[in-house]
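> got a sequence here, can you model it:
(chains A and B)
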Amino acid sequence: MTNTTEEIVNLAGVAKSYGAVRALAGVDLVVGMGECLGLVGHNGAGKSTLMGALAGTLIPDRGSIAVGGVDLSEQYSVVVAHHHGIRCVFQELSLCPNLTVAENARIFHRTLKGFGWKKRAAKLIQDKLDEIFPGHDILAGDIVGDLPIGRRQMVEIARAFTVTDAPLRLVILDEPTSSLDAVTAEQLLGFVRREVQSGLSVILISHMLGEVLGSSSRIVVMKDGGVVAARAAGDFTRDSLVAAMGTVAAAKSEQQISATGFRKSGTAMIDARPAAQMDARKLIAHKGEIVGLAGLAGHGQTRMLLQIFANAKKRYTETKVAAPVALIAGDRQSDGIFPLWSIAENVTVGSLGRLVKNLLVDGTASRAMAESWQKRMRIKTPDMDHNILSLSGGNQQKALFARALGSDAEIVLMDDPMRGVDVGTKLEVYEQVKQEAQGGRTFLWYTTEIDELSNCDHVYVFRNGQIVDDIPRAELTEERVLRASFHEAA
Amino acid sequence: MTSLGGVFYYLRTRAWIWSFVATAMVWIATILFTGGHGGGQMLTAALSFATFTIIVGIGQMFVITTGPGNVDLSIPATMALSGAITTKIMDTQDGMILTGFAVALGVGLAVGLFNYGLIRLLRIPPIIATLSASFLVQSTAIAYGRGLRIKPPPALADFTTAEIGGIPILSICGVVFTIIMGVVLARTFYGRSVLAVGQNMRAAWLAGIPVERTRLVTYVLSAMLAGLSGLLLSGFSGGSSLNMGEEYLLASIAVVVIGGTSVAGGRANVPGIWGAALFLYLLVTMLNTFGASAGLRLIMTGVIIIAVITVAGSGEQKR
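Got it, this is the predicted structure:
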C-alpha cells in the first residue's frame, strides 16, 4: 500500500525561533509519494510552524527545503509551493469571509478568468464538495462569513483538493476535523484514504489519535520543536503514541475522571427552550451539573448557548438564567481573542469589574491573576505580557478558558472549545471543569466529539435547532447519540 | 540586544515620537527660513490653536478606537451650536460663565444622545448618522444665532488667551486633560471596554463587556468635548461664528490618524495626538512663511499627511 521510493518533499535541519521561544530546533522530514504521514504532538510542539515552513507561509531561520528532489530553499514561497503542488489547509481558516464559496475558489486558481469564470469556479468547488462530503448542504453562492465554522472548514478542505493548472501532489491537513462532526469527519478520512491509494501524499495533523492511527501509513511525533519518534503507523498503539508525546496525565483512563452521573435536583440554574422547539422539551441545568449539548455540527447548539448568554442579564424572559454567565468560544478568531492585547489582558478582560479599585484597573491584582492562571492552565509562554498571537492555537484556547474560569460567572457555556487542542491539555481541562462543577459551577458544554460527552451528567441531542433526545448519563451511548442526531429514533 | 537596537525598538514601539520629530523638523525649517525670527511666537500660537484641535481630537480618537466605521462628523456643527447658544446665554456677563460651560456640555450631551440614537435605534451607519445629524445641528445653530456675533464675557476671553512665559494657560489645561484621558483609556473599565470593542465587537460582547453602553458613552463624550471646544474657541476668537468649526472636521480625524491611532480600531495613541496637532499647525505656518499660495498650501498639506501616514503605518501593515 505504501511505497515511499519517490520522495515528494525533503526538509532538512529546519529551524525557527520567535524571539526567545524556539519553535523548531532543526527538524528533518521526508514525505514519500502516495504516503499519508500522521503528525502528532502537543500544542506548541512546532507542528504548525513546520507546516508553515513547508507551505511557504513563513521563512525558516535555517534549513533546506527540496521538492521532488530539487532544492528550492532560496526562492521558497507560497506561490512556489503552490506551483509544485503543495497545498495546505490551515488550522486557522484562511477563507475570505466576505466572498462567496465560488469566489474563494477563484482566489486559489488564477486560470479561472474571463467570461463565465464564476460558473466554472462554482462547478469546480461544488463537484469537489460533492465528492468529499456527499449530502452536504453548501451552495457555491453562499457567503463564507454566513456559514457556521464546520461548513467553512469543509469549504476550505474541498478547495485545497481542487485542481486547475498546477499539479496536486501533497496536501497538508492541519486539524481538518476539529470543527467537523463524526459523520463528515469520517467522510473526509475515507476520501483521504482513497486519494492516498491513487498516489497523492497527505500530511495529517490531528489530536484525534484514532484518526491518525486509522488513516496514516507512517506517524511522526513532535515534541518541543523536534521530532522524537517516526515509525510506521502499525508500530504504534494509542498508548505508545501518547507516551511518545510525553503526556503523563494521559495514563489516567478517561472513565476515571468522568462525571458522577447523578441528576441533581433543586432549582434550575438554566431553564431554556430552543427558539425552534416544536414540543415541550426544555433544557434544564442544575447547580453543579455538567450538561452536554450533542448532535451534528451546526444544528442549533451554538444558537442555544447564545440565547442563554443574551438572556443572562434580563429578568422577565422565557429563558431563565439564574446566575452570571461566561462563554468560552470555540471559534476563537471571531468570538474569542483580542488580537492586539497581551495574554494577560486577554485573560483579565472577563474579570475587569472585580479588578477595578478607585475607578482604575488594579495593575498588581491583574498581574497576580494572570500569573496564577498561567500556572493553573499551564499556558506555555515566557511572559504573560507577550501578545496573545505569540501563543499556539491550543494555548490561546487555554487563555480563553482562564478568562471564563477566572471570572465570577457561576454558569460557564462552552461552545465546542476543544477544537485543535491536544490530548494532554484536554485531560487537564476536563479535570478543571470537573473540579469547578464540584465547587458549584454549572457547565453547558457543546461538543462535536462524542468521547467528551462522557464527562457530562446529562446530554441533550440537537437536530435542526431542536432538542430531539434527552439522555441521562447512565443511558449515554455513542450509538444513541448518533441515532438521535439522524432522528431514526423516536 | 545592542543599545542601538534597543533605541530602535523603543522608537518603533512608540510611533507617536515621529509626529514630534516631524513637528521639530518643520519648526526648524521655518526659523531657518526666517533667520531665527519669530520662533517663540510661532510655538505659542501653535500651542494655542493645537489645544482646540486636541480637545475635539481626543473625542474623535475614542470614537475611532471603538472600531471600523465609527467616526463623528458632527463635531463642527456641535461646536457652532454650542458657540452660538453659550455666547447668547452668557451675554458678555462674567457671572454667567459657569452656566455657559454647563450649557456647552448640555448641548454636547444632547447631540451625542441623538447621534447614538440614530446609530442604534435606526441602525444607520455612524458616518451617515453623524453627518445627517450635523445638518440638523448646524441648521439649529443658524436659526438660533441668526448669524449675530456676540462678544464673550471678558473673563472668558482673558482666560482663553492668557499666557505664562509664552505658554498659553489653556494649553496647560489641555495637557492635564490629555493625561487624564490617557489614564481613562488605559486603566479604567470604560477605557478597556473601548479598546476591546474596537478590536472585536462580538468577542467583546461574549467576554461580558457592555458593548452598547460603551458606544453610547463614547459618542456622548465626543459631542460634549465638541461643545466645550465651541465655547472655548468663541472665547478665544472674540465671539462665535457659524463656520468656526469647519476646519475641525478633517483636523480632528487627521490628528488621530497621524498621531498613530489605528483606523481599524482597538489601538489608540494619546500622546501622538499632541505631536500631530502641533505638526499640522506648524506645517501650514511653514508654507505660509515660504510664501506658498493657498492652492499649493492645500496640496502640500495633503501630500505631507499622506506621506506621514504611509511612513508611520507601514510597520503596522506588515505585522
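> centroid residue for the chain?
Went with chain A since none was named. Centroid-nearest residue in chain A, with CA atoms, centre = their mean: A:Arg419, separated by 2.4 Å.
> the chain in question should be chain B.
Centre-nearest of chain B using CA atoms, centre = their mean is B:Gly57, 1.7 Å out.
> surely it meets B:Ala251?
Yes: with contact defined as CB atoms under 8 Å, B:Gly57 counts as touching B:Ala251 (7.4 Å). Where you see a C-beta, it was placed from the backbone N, CA and C, and this is true even at glycine.
> overlap in contacts, these two.
By CB atoms under 8 Å, 6 or more residues apart in numbering or on different chains, B:Gly57 and B:Ala251 have these common neighbours: B:Ala277.
> residues from chain A in reach of chain B?
A:309, A:326-327, A:329, A:334-341, A:345, A:349-350, A:352-353, A:356, A:359-361, A:363, A:403, A:407, A:409 (CB under 8 Å from any CB of the partner chain).
> list the buried residues in stretch A:199-210.
Neighbour-count burial for stretch A:199-210, counted by 16 or more other CB atoms under 10 Å in any protein chain shown, picks out A:200-209.
> hang on, the earlier thing: any of the residues of chain A next to chain B buried? List them.
A:309, A:326-327, A:329, A:335-338, A:340-341, A:345, A:349-350, A:352, A:356, A:361, A:403, A:407, A:409.
> which ones among those residues map onto helices?
When DSSP state H defines the helices, the subset of those inside them is A:309, A:335, A:345, A:352, A:403.
> using the three-state scheme, assign A:Val228.
Here A:Val228 takes the strand state, with states given by DSSP: H, G, I helix; E, B strand; the rest coil.
> A:Glu318 and A:Ile308, how far apart?
11 Å (CB to CB, to the nearest Å).
> between these two, which contacts overlap?
Shared contacts of A:Glu318 and A:Ile308, counting by CB under 8 Å, 6+ apart, come down to A:Ala272.
> settle it for me: which of those two has more neighbours?
Higher neighbour count among A:Glu318 and A:Ile308: A:Ile308, with 22 against 11, using other CB atoms under 10 Å in any protein chain shown.
> the more buried one and A:Val412, how far apart?
From A:Ile308 to A:Val412 the distance is 11 Å (CB to CB).
> residues shared between the contacts of these two?
With CB under 8 Å, 6+ apart, A:Ile308 and A:Val412 have common neighbours A:325, A:444.
> lowest average confidence, helix or strand, in the chain?
Using chain A here. helix A:478-486 (a mean of 78; mean pLDDT, DSSP states H and E).
> how about it: buried residues?
For helix A:478-486, by 16+ other CB under 10 Å, it's A:480-485.
> can you tell me what sits against that helix?
Contacts for helix A:478-486 (CB under 8 Å, 6+ apart): A:181-183, A:294-296, A:299, A:450, A:453, A:459, A:461, A:463, A:468-469, A:471, A:489.
> recalculate using a threshold of 7 Å.
A:182, A:294-296, A:450, A:453, A:461, A:463, A:468-469, A:471, A:489 (CB atoms under 7 Å, 6 or more residues apart in numbering or on different chains).
> please give the element, helix or strand, for residue 129.
In the absence of a named chain, this looks at chain A. Using DSSP states H and E, A:Leu129 sits within helix A:117-132.
> my question was about chain B, not that one.
helix B:126-145.
> now do the helix or strand following that helix: distance to the chain's middle.
Going down the chain from helix B:126-145, the next helix or strand is helix B:154-161, by DSSP H and E. Distance, stretch centre to chain centre, for helix B:154-161: 21 Å (CA atoms, centre = their mean, to the nearest Å).
> C-terminal to helix B:154-161, what's the next element?
Helix B:154-161 is succeeded, C-terminally, by strand B:163-164 (DSSP H and E).
> what's in contact with that next one?
B:44, B:169.
> give me the sheet partners of it and which way each runs.
strand B:167-168 (antiparallel) (DSSP bridges).
> the helix or strand that comes right after the partner strand: which residues count as buried?
Following strand B:167-168 in sequence order, the next helix or strand is helix B:169-187 (DSSP H and E). For helix B:169-187, the buried set under the neighbour-count rule, 16+ other CB under 10 Å, comprises B:169-171, B:174, B:177-178, B:181-182, B:184-185, B:187.
> please apply the same query to stretch A:361-376.
Quick answer for stretch A:361-376 (16+ other CB under 10 Å): A:361-362, A:366, A:369-370, A:373-374.
> quick one: that stretch to chain centroid distance?
On CA atoms, centre = their mean, the centre of stretch A:361-376 falls 27 Å from that of its chain.
> give me the phi and psi for the residue nearest to A:Asp271 when sequence neighbours are not counted.
Distances taken as CB to CB, 6 or more residues apart in numbering or on different chains place A:Lys320 nearest to A:Asp271, at 4.1 Å, with adjacent residues excluded. Note on A:Lys320: backbone dihedrals following degrees, to the nearest 10 are phi -100, psi 120.
> so A:Lys320 sits against A:Met269, correct?
No: counting by CB atoms under 7 Å, A:Met269 is not a contact partner of A:Lys320; they are 8.7 Å apart.
> tell me which of these two has more neighbours.
Neighbours per residue, other CB under 10 Å: of A:Lys320 and A:Met269, the larger number sits with A:Met269, 24 against 19.
> residues contacting the more buried one?
A:Met269 touches A:285-287, A:322-323, A:411, A:442, counting by CB under 7 Å, 6+ apart.
> could I get the residues you listed as a markdown table with secondary structure and pLDDT?
Below are the contacts of A:Met269 laid out as a markdown table (DSSP: H, G, I helix; E, B strand; the rest coil; pLDDT from 0 to 100):
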| residue | secondary structure | pLDDT |
| --- | --- | --- |
| A:Ala285 | strand | 90 |
| A:His286 | strand | 89 |
| A:Lys287 | coil | 89 |
| A:Ala322 | coil | 85 |
| A:Ala323 | coil | 88 |
| A:Ile411 | strand | 93 |
| A:Thr442 | strand | 93 |
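> any of those buried? List them.
A:285-287, A:322, A:411, A:442.
> of all pairs in these, which one is the farthest apart?
A:His286 and A:Ile411 (10.9 Å; CB to CB).
> not counting its neighbours along the chain, what's nearest the closest residue to chain B within the stretch 151-300 of chain A?
In the stretch 151-300 of chain A, the residue that lies nearest chain B is A:Arg152 (15.6 Å; CB to the nearest CB). Nearest non-adjacent residue to A:Arg152, counting by CB to CB, 6+ apart: A:Leu93, 5.4 Å away.
> could you do A:Asp28 as well?
In space, A:Asp28 is closest to A:Ala12, 5.3 Å off (CB to CB, 6+ apart).
> may I have the beta-bridge partners of that neighbour?
A:Ser64.
> surely A:Leu24 forms part of a strand?
Yes: under three-state DSSP, A:Leu24 sits within a strand.
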